[in-house]
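Trainee: okay, here's the prediction I keep looking at, along with the sequence it came from:
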Amino acid sequence: MDRFAHPVFADLPETVFETMSRLARQHGAINLGQGFPDGQGPDDVRAAAARALESVSNQYPPMMGLPSLRTAVAAHYRAHQGLDLDPEREVMVTSGATEALAGALMALIRPGDEVVLFEPMYDAYLPLVRRAGGVPRFVTLKPPHFRIEEAALAEAFSERTRLVLLNNPLNPSATVFPEADLALVAAFCRRHDAVAVCDEVWEHVIFDRRRHVPLMALPGMRERTVKIGSAGKIFSLTGWKVGFVMAAEPLMRVLSRAHQFLTFTTPPNLQEAVAYGLTKDDAFFETMRDGLGRSRDRLARGLSDLGFTVLPSAGTYFLSIDIAGFGEGDSAFCERMVREHGVAGIPVSAFYERGDVTNLVRLCFAKNDATLDAAIERLAGLVHAG
Ligand code: PMP
Ligand code: GLN
């Protein structure tokens, strides 16, 4: 261990997304690993950013975010999720959901507080919780349905529980939690007087006419939920790193104290363009969902035809395949897949700390048809090689 390093980071491996994208470049592989779309995102949203770069100030915007964006965020969530948010007191703009998460965990966890985490979990969560001094308590969700069960919550919660970190829809399992599961989480939060940080970056990327239910909308949760969103996912512009945080004023006050010393602000032209994009009508969001839903079906069908077991995907850019029949773990399988067959994926074990799930590989279907078809063809080679 490096003597200068904080123990949480000293022995931490590089994030699996960076590793797999590098391997994909090295091997000329089709990158179905890290989650980003093939396309450029909506032309008009990018044009709005370009215009704003020329016409609005490029100096520091207000620390809480441009008023135009905060107003647009509140209006957006009123229209799409029925939330009633005060744009001045309950909405803050961050540099991506990642900053929002880091800031919320820094601001809300006191050393020794217990934090309930649901695995599989996004790989940033655990190091950030630990760095903030939190003591993780895991709820392990099992394939293929990844449901939240009362007994598991009862085991994870204690009188020291301070915070619950939930991701819905869930990356990597592509689960959209049924309302019954959310109600269980809410009941435990109320009973234990815990704050819920709910990472809802995938809220618009859900399929088959499902509806996203924000945890904040459940009884008793309005005052104890920090809701996190990301324009990167809403507009298929993952490099933009414009996020938003919504919370009741007493929580927001402390969240803003962390944010002011993390990034303080986010590029103003991107904020302006996101404000424009959030006012788009329902048809835009439906077209995006329908397109991604078709891509999901195309990849799922191609893989099933090759004999793979494909797990259900209700949302996100991802589906998982079960590779148990290949006689190797998910990490070894992914290494072989990228090096020898030219397709990058993500081993789902990277999202587990405790549960021993090593038979799933996550693949990103947010790609054009030609990319998906080429990947399926290469995977046919893998199946034949055995
Ligand atoms: N949370 C989850 C669950 C994610 O999947 C991602 C990125 N895909 C993020 C947070 C990070 O979002 P951002 O790029 O806005 O920081
Ligand atoms: N969230 C993206 C994914 O799940 C990756 C983001 C990143 O690389 N940090 O693929």
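Mentor: All right, it came through fine. Numbering: from 1, shown residues only. Ligands and ions are numbered 1, 2, ... in the order given.

Trainee: residues touching the residue in the stretch 251-386 of the chain that ligand 1 sits nearest to, list them.
Mentor: Closest residue of the stretch 251-386 of the chain to ligand 1, Cβ to the nearest ligand atom: T316 (7.2 Å). All C-beta atoms are positioned from the backbone trio N, CA, C, and that covers glycine. Each residue near T316 by Cβ atoms under 8 Å, 6 or more residues apart in numbering is listed here: 35, 169-172, 174, 202, 205.

Trainee: one more pass at 7 Å, please.
Mentor: Neighbouring residues of T316 by Cβ atoms under 7 Å, 6 or more residues apart in numbering: 169, 171, 174, 202, 205.

Trainee: so which of those residues would you say is closest to K142?
Mentor: When those are compared for distance to K142 (Cβ to Cβ), A174 wins out at 14.6 Å.

Trainee: what pLDDT does the model give the closest one?
Mentor: Here, the pLDDT recorded for A174 equals 98.

Trainee: do the one 5 residues further on as well
Mentor: We have a pLDDT of 97 for E179.

Trainee: burial check on it, number of neighbours?
Mentor: Counted with other Cβ atoms under 10 Å, the neighbours of E179 add up to 12.

Trainee: ok, it to Q260 distance?
Mentor: Per Cβ to Cβ, to the nearest Å, E179 is found 36 Å from Q260.

Trainee: P347 too?
Mentor: Applying Cβ to Cβ, the value for P347 to Q260 is 37 Å.

Trainee: kindly report the same for L306.
Mentor: L306 sits 51 Å away from Q260, going by Cβ to Cβ.

Trainee: what about the closest residue to R222 other than its chain neighbours, how many neighbours?
Mentor: By the measure of Cβ to Cβ, 6 or more residues apart in numbering, the closest residue to R222 outside its immediate chain neighbours is M216, 5.9 Å from it. Counted with other Cβ under 10 Å, the burial measure for M216 works out to 23 neighbours.

Trainee: outside of the longest helix seen in the chain itself, list whatever touches it.
Mentor: In the chain, taking DSSP state H as the definition, the longest helix is helix 282-305. Taking Cβ under 7 Å, 6+ apart as the criterion, the residues outside helix 282-305 that touch it are 204-207, 310, 313, 317, 319, 321, 363, 365-367, 369, 372, 376, 379.

Trainee: what residues does the stretch 101-250 of the chain put near ligand 2?
Mentor: Residues of the stretch 101-250 of the chain lying close to ligand 2 by Cβ under 6 Å from any ligand atom are N171.

Trainee: confidence score at the residue of the stretch 151-300 of the chain found nearest ligand 1?
Mentor: For the stretch 151-300 of the chain, the residue closest to ligand 1 is S230, as judged by Cβ to the nearest ligand atom, at 3.3 Å. The per-residue pLDDT reported for S230 equals 98.

Trainee: count the neighbours of it for me.
Mentor: If we define neighbours as other Cβ under 10 Å, then S230 has 26 of them.

Trainee: kindly report the same for F207.
Mentor: For F207, the tally of surrounding residues (other Cβ under 10 Å) stands at 20.

Trainee: that one contacts A314, doesn't it?
Mentor: Yes - with contacts defined as Cβ atoms under 7 Å, F207 counts as touching A314 at a distance of 6.1 Å.

Trainee: count the residues that sit near the closest residue to E159 other than its chain neighbours.
Mentor: The spatial neighbour of E159 that comes closest, neighbours along the chain excluded (Cβ to Cβ, 6+ apart), is H192 at 7.4 Å. For H192, the count of nearby residues is 17 (other Cβ under 10 Å).
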